[in-house]
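>>> here is a sequence together with a model predicted from it:
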Amino acid sequence: MNRVSEDSLRKYEYTLASELFGGRKTYTEKGLLTSKYISGKFQSNCLKAPFWKSYAQIIPIQPTPLHHLSPGLDEKISNNLNNVSSGNFVAQNIIGILQGRNAKKTHLVITAHHDHMGLSEEGVLYGADDNGSGISALIEVSRVLSEAAKRGIRTKRTIVFVSTDAEENNLVGSDYYVNNPVIPISNTYCSINCDMIGRVDSLHSVSSNLRNYIYCIFKDSTNRIFTNPILNNLNEIYTQLELDERYNIDNGSYRVSNLIKRSDHYSFIRKGIPSIWFFSGFHDDYHQTTDTPDKICYAELKKRIQFVLALVWYLANN
C-alpha cells in the first residue's frame, strides 16, 4: 500500500487535466490523445494488450446491440451517435490485462472513464476530478500490482483494467464492453468502478476531521462479495476511512440521491455482476471549467486509492 505514490497521482492529474488534453471529449482529437496516453501507461505497467498488440477496443458509431439503461434513453444515445462525424475520430475503451496465477478462477474488472466534456463557452472543461481522479486510480493500481507481479507476488485471479470512453454519452463505453468483453462476461467475479474520488464535498468539508471518507455505492445479489462486514474489516485493518453509504439506494429514479445508475458500474449491474462504485461526492466545480488539478485533495485521493488497492488484492485472492 505504501507504494501508492502521491507524486505519481499529481503527474497523472496535471497531464490529463491540462490544456493539451483539452477536456478529453469523445470523438475528438483530444479524445484519441487521451486514449494513447492511457495505452502508454498500460504498456509501461506491463499489462497484456488484448487486441493484437493494441489496448484499444474500438466502439462502432452505432454499437450493435445497444443495451440502453432505461426506456427513452435509446433515442438520446442514438442521436448522440448519429451526430458524430464518420470521419477520423472514434470512441475507444482502453483495456489491459494482468494475468492471475489461476486461469480457472473468475476475474475482476476495474473501470474508470477517461472521457469528459471538452470545451464550453467559458473555456476548457478540464475534468480533473471527473474523471482524472478515477483514471489516476486505474493507472496507479495497475502500476503497483504489475510491479508486485514482477517480484513474483501475483494475484490468483486475473484482473482486467478497463478505461471506458463515452461515459458522458450515457455510459456507451461500458455498455459496449459488457456486450463485447475480452473475457466472457459469465466469467466475471465482480467489477470495481472509480469515478470522481479526488475531492471533498460540502457534506464533509466543514472540518478536517470529516475529510477522511469515501462513498460506497454497491449492489451484490450474491451478498458475499461486497458486504458491509467485508468492506468494514478491510477498512479497519488498512485505511480507517469513513465508508459512507448515504447514496447506496436503488429506488428506480434518476435523481441525484440515487446514484446507482450514474456511472459505469451500472452496465455491469445490469448483467447481474456484483459491482461497487467509489465516489467522493459532488462539488461546485462539477462539469465546470474550474474542475482543475490544483483543487484535487491528493492526500485523500491517495488514501482512497489505497483502500481500492486493498479491496482488489483481497478479492483477487479470495
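The structure has been received and is ready for your questions. None of the values given here were measured: they were computed from a predicted structure. Numbers count the residues shown, from 1 in each chain.

>>> please make it C-alpha for all contacts and neighbour counts, starting now.
Fine.

>>> and the strands in the stretch 201-318 of the chain?
For the stretch 201-318 of the chain, applying DSSP state E, counting those that start in this stretch gives strands covering 213-219, 242-244, 275-279.

>>> Tyr126 belongs to a strand?
No. Membership of Tyr126 in a strand is not supported by DSSP: H, G, I helix; E, B strand; the rest coil, which gives coil.

>>> so what's the residue count around it?
Residues near Tyr126, counting by other Cα atoms under 10 Å, number 30.

>>> cool, Thr188 as well?
21.

>>> how close does it sit to Thr155?
15 Å (Cα to Cα, to the nearest Å).

>>> and Tyr126, by the same measure?
Distance from Tyr126 to Thr155, by Cα to Cα: 35 Å.

>>> one step back: now for the strands of the stretch 201-318 of the chain, which one comes closest to Glu29?
Ranking these by proximity to Glu29 (Cα to Cα) places strand 275-279 first, at 28.3 Å.

>>> what's in contact with that closest one?
For strand 275-279, contacts defined as Cα atoms under 8 Å, 6 or more residues apart in numbering pick out 190-197, 214-220, 226, 263, 265-266, 268-269.

>>> equivalent analysis for stretch 125-137, please.
Residues contacting stretch 125-137 (Cα under 8 Å, 6+ apart): 9, 12-14, 16-19, 22-24, 112-119, 163, 194-199, 286-293, 296, 301, 305.

>>> need the contact list for the closest residue to Leu108 other than its chain neighbours.
Of all residues not flanking Leu108 in the chain, Ile159 sits nearest, at 4.8 Å (Cα to Cα, 6 or more residues apart in numbering). Neighbour list for Ile159: 97-100, 107-110, 316 [criterion: Cα under 8 Å, 6+ apart].

>>> give me that answer again for 10 Å
Counting by Cα atoms under 10 Å, 6 or more residues apart in numbering, Ile159 makes contact with 47, 96-100, 106-110, 142, 145, 188-189, 191, 312-313, 316.

>>> likewise for Phe89?
26-32, 61.

>>> before we move on, what about Arg157?
Here Arg157 is in contact with 98-108, 189, 312-313, 315-318 (Cα under 10 Å, 6+ apart).

>>> go again using 8 Å as the cut-off
Contacts of Arg157 by Cα under 8 Å, 6+ apart are 99-103, 105-108, 316-317.

>>> and Thr164, by the same measure?
So Thr164 contacts 92-94, 111-115, 173-174, 264 (Cα under 8 Å, 6+ apart).

>>> same thing with Tyr14?
Here Tyr14 is in contact with 128, 293 (criterion: Cα under 8 Å, 6+ apart).

>>> that one is in what secondary structure piece?
Assigned by DSSP states H and E, Tyr14 belongs to helix 6-16.

>>> in that helix, what's buried?
Neighbour counts over helix 6-16 (16 or more other Cα atoms under 10 Å) mark 6, 9-10, 12-16 as buried.

>>> format those as TSV; extra columns: distance to Leu210 and pLDDT.
Below are the buried residues of helix 6-16 laid out as TSV (distance: Cα to Cα, whole Å; pLDDT from 0 to 100):
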residue	distance to Leu210	pLDDT
Glu6	20	98
Leu9	22	98
Arg10	23	98
Tyr12	26	98
Glu13	24	98
Tyr14	26	98
Thr15	29	98
Leu16	28	98
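
>>> quick one: which of those is nearest to Gln240?
Glu6 (18.3 Å).

>>> so that closest one sits against Lys302, correct?
Yes. Here Glu6 reaches Lys302: they are 6.0 Å apart, a contact under Cα atoms under 8 Å.

>>> which residues are in contact with stretch 180-194?
50, 106-112, 133-135, 137-138, 178-179, 225, 264-265, 268, 273-279.

>>> let's see it at 6 Å
Residues outside stretch 180-194 that contact it (Cα atoms under 6 Å, 6 or more residues apart in numbering) are 106-112, 134, 265, 273-278.

>>> what's the end-to-end length of that stretch?
Start-to-end, stretch 180-194 (Cα to Cα) is 21 Å.

>>> stretch 267-277 now?
12 Å.

>>> hang on, the earlier thing: quick one: buried ones out of the contacts of Ile159?
So, by 16+ other Cα under 10 Å, the buried ones in those are 47, 96-100, 106-110, 142, 145, 188-189, 191, 312-313, 316.

>>> pLDDT added to the contacts of Phe89, as CSV?
Compiled in CSV, the contacts of Phe89 are given as follows (pLDDT from 0 to 100):
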residue, pLDDT
Thr26, 96
Tyr27, 93
Thr28, 95
Glu29, 95
Lys30, 96
Gly31, 96
Leu32, 96
Ile61, 67
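
>>> who are the contact partners of Thr292?
Contacts of Thr292 by Cα under 6 Å, 6+ apart are 126, 128.

>>> how near is Val109 to Asp175?
Taking Cα to Cα, one finds Val109 at 14 Å from Asp175.
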